[in-house]
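Enquirer: show me the folded form of this:
(one chain, ligands or ions: 3)
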Amino acid sequence: MSRTREQSTETVEPARADALARLAALADPELDNLTRTLQMRVALNQLDGAALVVDIDGTVLDTNDAIGGLGVNRDDLRGRPLWAPTLWHIADADAVLAPLVESCVDGRTGSRTIDIGEIEPRPLRVGVTPIFDPVRVSGPRIVTLLLAELHPLTDRQETDAIIAATAQKLAAAEDIFRAVAEYTSDLVCLHEPDGTFTYVSPSAKRLLDLNPGSVVGIHPVDLAHPSTRNALVQALQDASRRGSEPTRFRHRLRHRNGSYRWFETSITPIRDTTEELHQLQSSSRDITEQRETEQSLIKKAFHDELTGLPNKALLIDRMTQAFAASARTKQPVGVLFIDLDGFKTINDTLGHQSGDTALTKVAERLTAIVRPGDTLARIGGDEFVMLCAGTDGARGATAVARRIIDAFEQPFVLDGRDVDLGASIGIATAVGDNDPAAVLDKADTAMYEAKHEGRGRFAIHNEADQSLALERLDTEEALRRAIENDELRLHYQPELDLESNRIVGFEALVRWQRPDGQMIPPGDFIPLAEESGLIVEIGRWVIREACQQAARWRVHRTPEQEPVRIWVNLSARQLGDPDLIDYVQSAVDDAGITTDEICLEITESALMGDAESATEQLDELRCLGISLGIDDFGTGWSQFAYLQRLPLDVLKIDRSFVSGLGTEKSAATIVAAIIDLAHALGLIVIAEGVETRQQLEVLADLDCDQALGFYFSRPLSAETFDEVLTPLS
Ligand code: C2E
Ligand code: CA
Ligand code: CA
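Expert: Ligands and ions are numbered 1, 2, ... in the order given. Next up, the predicted model:
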C-alpha cells in the first residue's frame, strides 16, 4: 500500500525554490506574527498541488488553497497532526507519515517521499521537505519547518518514481556512509567499480599521512606493497563479482614516509535494483601492531629460539604441504636428516655456551646451502632436517647432501680455536601423500646407517628411493667391482635370549658403501645380485667376513663363555653353488673358529626351487656342525611338511606377524601357533622385528626363545658391540 523513498537531490523549479526560500526566511526571530502568516500563505500558494506547512513535530500550521481539491477544509487541519484522519482515508496514516516527518530532522536536505494508495480518488504521493534555518552556516543545520506536498500519481509517474527512488536510496546510503566515515578511525573509502578512489575519509591523514583529496582519483594499487598487490587486485575483482557480501583480505599500503602498514580491508559492492554495480565501498583497519604480535607469536610457536630456524612443528607442516603438492605433480620430495658428528664433544669439553654458538654457526652454514623453496629446520639438539621439494626434490637431495658434507670441511671457530664438526646425513624420498613422521623416521634410519660408517657420509633409505640413486650408476658393473674395491660392509644386529636377557648371537646384514659415502641397503642390490648371479660372490665375501668377525670377537670373551653365533643369510642361488660346502669350511678354518660359531639362514621361498638338491646341501652343512635356520617364516610356503624334512635348528618368525602383537588379536594367535609348532618340531624360535616393549612382553608370554629388532638395537658396525661383549671382570 505504501512505499517510502528518500530524495536528497532534486531538481527544483524556480517557483518552488522561491517558495522554499520564503519558508526558510520565516525562521527570522524579528518577524512579527502577521508577516509570518502572510509569507507562509504566499509561499504555499506558489506551489502546484496541495501543500501544507508542518511544524517539526508534525502539527499542521497552514495549507494552501489547493487542499480543497482533495475535499478537505483547511481549518479542519490546522493545529492537528499531518496524519489526522480528517485528511486520510487509510487507517494507518500515522504509522507511515510520522516516521517520514521524523526522518526530516537528521540534517540532510531534500525531500522524503512516500506513495500512499487508497486516498480518493487516486493514489497519492506525499513528499516532506525540511526547511533549514538559513542563518546557521556552521555546525549541524537546524530544521525549522517542514513542507508537505501531496500529488496524485499517474501510472507512468509511479514507475518513474520507483527508478528515481532507487538511485536516491543509493545516494542516501552514501550520505549516511559519509557521516560515519568522517568519524571512524578506520580508513573508509568509496571507489569506482574499477577500484579508483572517489572518496577517502579524513583518517587517511592519521593512518598514512596522506591528504584524502590527494588520494581521490588514484587507484589503490598505486599505494599497495608489491607483495600484496595481487591480493588487492583479486579482492577488487571478487568484490565486484559477488552479490553484496563483503570481501575481506589483508594487505599493505604505503605511508607517506615510505614505510608500509598492514590493513585488514573489507570491500562491499553497492548495486542498484537492476543489480548493476554502482560503486565499491571499503573499510580498512590498521592491523600493523596486531600483526607484529601475531607474527612474533607464530615465530615463537614455529621456530627454534636458538637458531631462528623452523622447528619440528613447522617442518611437519611444510612436509605435509610438499607431499600434497607431490601427490599432484608426482615429483618426489627429498628429506635429509642431518646429525652432527662431534657435537657432544664440544658440549662436554667447551661447555653449553660454546655448544650453542656452534649450533648457531652450523645453522648459518646450512642456511647458505638451502635452495629457494626448500626448508631447513632444527628438530632437536644437534639434528637438522632439510626438506627438498619442487621439481628436483629427490635428485636434488643427493646433491645437497654432498654440499652439506663439503661445507663441514672447514673447521668452526669457537672461542678463538678451530673445532672440527661433521655431518652424517640420511636421505629419504617420498612421492605423493605420505605421513611426514614416517618419512622422517626413514631418513633417521638412513642417517644411522651413514653415521655408523664414520663421519661425514650420507645414506639413502629404501628401495624406491634407492632405485632412484642407482639409476645413475651402471649398477651391475659397479656392484661387480664393489667386492674388489672393498665397498661391502657387514652390520650386525644382536639377538637376545628372552630368558637370560643376554646377547646370544648376531645376524650379519650386508651393506654397500659407495665411494661417495652413500650407503646402500641390501634390499636395493641383493635382488639385482641374485638375478645376475653376483650373489654367489657376494655371499662368499659375507661368509668369510662373518667368520673373521667371529674370530675377532673371541678375544672379548672368556673361554668358559658360550660363543656368540653369527647368522648369515643365504640366497637360493648360493644353495645351488656346488662349492658352497667347501667354501664354508675353508672360511671357518681360515678364521680359526669352530663351526658352531657360524650359522646360516634361508628363506622359505629360497627352498622352493630345487627342494631336493637344497635338502642335500643343507644336510651336508649340518654335518659340518653348522646350525641352520628358516628365515621370514610365515611368508612363503604355508605348507609345513618341509619343516619336518629339512635339517633345521631355528625358525625365525617374520616381522609382519610380530608387528601386529599387542594391537591385533589374530597376530598373537598366529604367533602362538607358530611357536607351538616349532617347539613341537624341536626348533628354537626367534622373533624378528621387535620394536616395542609390548611386543616383547607378548612374545615372552608366548614362550618365544629369542628375539631381535630395533627395540634392542638396529644393525650396527661390529665395533659398536665390542664393549658389550666384554664380560665384567
Ligand atoms: P632379513 O634377513 O629379514 O633381515 C632383517 C631385516 O629387518 C634387516 O634389514 C633389518 O635391518 C631389519 N630389521 C631388524 N629389526 C627390525 C625392526 O625391529 N623393525 C624393522 N622395521 N626392521 C628391522 P636389512 O639389513 O635392510 O636387510 C634386508 C634384507 O636383505 C634381509 O632381510 C635379507 O633378506 C637381505 N640380506 C641382508 N644381508 C644379506 C646377505 O648378506 N646375504 C643375503 N643373501 N641377503 C642379505
Ligand atoms: Ca635374515
Ligand atoms: Ca628375516
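Enquirer: how about the nearest residue to D65, chain neighbours excluded?
Expert: Leaving aside its chain neighbours, D65 sits nearest to N45 (6.4 Å; criterion: CB to CB, 6 or more residues apart in numbering). C-betas here are computed from N, CA, C, even on glycine.
Enquirer: strands paired with the helix or strand containing G629, and their directions?
Expert: Assigned by DSSP states H and E, G629 belongs to strand 627-633. Sheet pairing of strand 627-633 (DSSP bridges) gives strand 598-603 (parallel), strand 650-653 (parallel).
Enquirer: strands of the stretch 351-500 of the chain, residue ranges please.
Expert: 375-380, 383-388, 412-414, 417-419, 422-430, 458-460, 488-497 (DSSP state E, counting those that start in this stretch).
Enquirer: now do the longest one, average pLDDT.
Expert: Across strand 488-497, pLDDT averages out at 96.
Enquirer: quick one: that strand near ligand 3?
Expert: No - Strand 488-497 stays clear of ligand 3 (CB under 5 Å from the ion), getting no nearer than 10.3 Å.
Enquirer: which residues of the protein lie near ligand 1?
Expert: Residues of the chain that fall close to ligand 1, judged by CB under 6 Å from any ligand atom: 493, 509-510, 521-523, 526, 535, 539, 542, 569, 571, 631-632, 655, 689-691, 708-710, 715.
Enquirer: how many other residues sit next to R403?
Expert: Per other CB atoms under 10 Å, the neighbour tally for R403 reads 13.
Enquirer: not counting its neighbours along the chain, what's nearest it?
Expert: Nearest non-adjacent residue to R403, counting by CB to CB, 6+ apart: I369, 5.2 Å away.
Enquirer: then A700?
Expert: Spatially, and ignoring its direct neighbours in sequence, A700 is nearest to L498 (5.1 Å; CB to CB, 6+ apart).
Enquirer: tell me, how many residues neighbour the one you found?
Expert: 21.
Enquirer: domain-wise, how is this structure divided?
Expert: 14-154, 162-292, 305-477, 535-728 (automatic domain parsing).
Enquirer: for T357, give its distance to ligand 1.
Expert: 37 Å (CB to the nearest ligand atom, to the nearest Å).
Enquirer: no no, V385
Expert: Distance from V385 to ligand 1, by CB to the nearest ligand atom: 21 Å.
Enquirer: Produce a ChimeraX select command limited to the buried residues of the residues of the chain next to ligand 1.
Expert: Applying 16 or more other CB atoms under 10 Å to the residues of the chain next to ligand 1, the buried members can be selected in ChimeraX as follows:
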select :493,509,510,521,522,526,535,539,542,569,571,631,632,655,689,690,708,709,715
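Enquirer: give me the secondary structure label for the most centrally placed residue in the chain.
Expert: For the chain, the residue nearest the mean C-alpha position is D317 (5.1 Å; CA atoms, centre = their mean). Under the three-state scheme (DSSP: H, G, I helix; E, B strand; the rest coil), D317 adopts helix.
Enquirer: contact partners for it?
Expert: By CB atoms under 8 Å, 6 or more residues apart in numbering, the contact list for D317 reads F302.
Enquirer: show me the helices in the stretch 551-700 of the chain, by range?
Expert: 572-575, 580-591, 604-608, 611-624, 641-645, 655-658, 665-680, 693-701 (DSSP state H, counting those that start in this stretch).
Enquirer: return the most buried member of those helices.
Expert: Most buried of the helices of the stretch 551-700 of the chain by mean neighbour count (mean count of other CB atoms under 10 Å) is helix 572-575; its value is a mean of 21.
Enquirer: now what about it, what contacts it?
Expert: Counting by CB under 8 Å, 6+ apart, 530, 533, 535-536, 539, 580, 602, 605-607, 609, 613-614, 617-618 sit against helix 572-575.
Enquirer: just the C-alphas of it, formatted as CSV.
Expert: Output in CSV follows, covering the C-alpha atoms of helix 572-575 (Å, rounded to 0.1, in the frame of the first residue of the first chain):
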residue,chain,number,x,y,z
ALA,A,572,68.7,-69.6,-3.2
ARG,A,573,71.5,-69.2,-5.8
GLN,A,574,74.1,-69.9,-3.1
LEU,A,575,72.4,-73.2,-2.2
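Enquirer: what's the closest non-adjacent residue to the closest residue to ligand 1 within the stretch 351-500 of the chain?
Expert: As assessed by CB to the nearest ligand atom, ligand 1 sits closest to Q493 within the stretch 351-500 of the chain, at 5.6 Å. In space, and not counting its chain neighbours, Q493 is closest to P715: 4.0 Å by CB to CB, 6+ apart.
Enquirer: tell me the residues of the protein that contact ligand 3?
Expert: Counting by CB under 5 Å from the ion, the chain comes close to ligand 3 at D631, D632, E688.
Enquirer: go again with 6 Å.
Expert: D631, D632, K652, E688 (CB under 6 Å from the ion).
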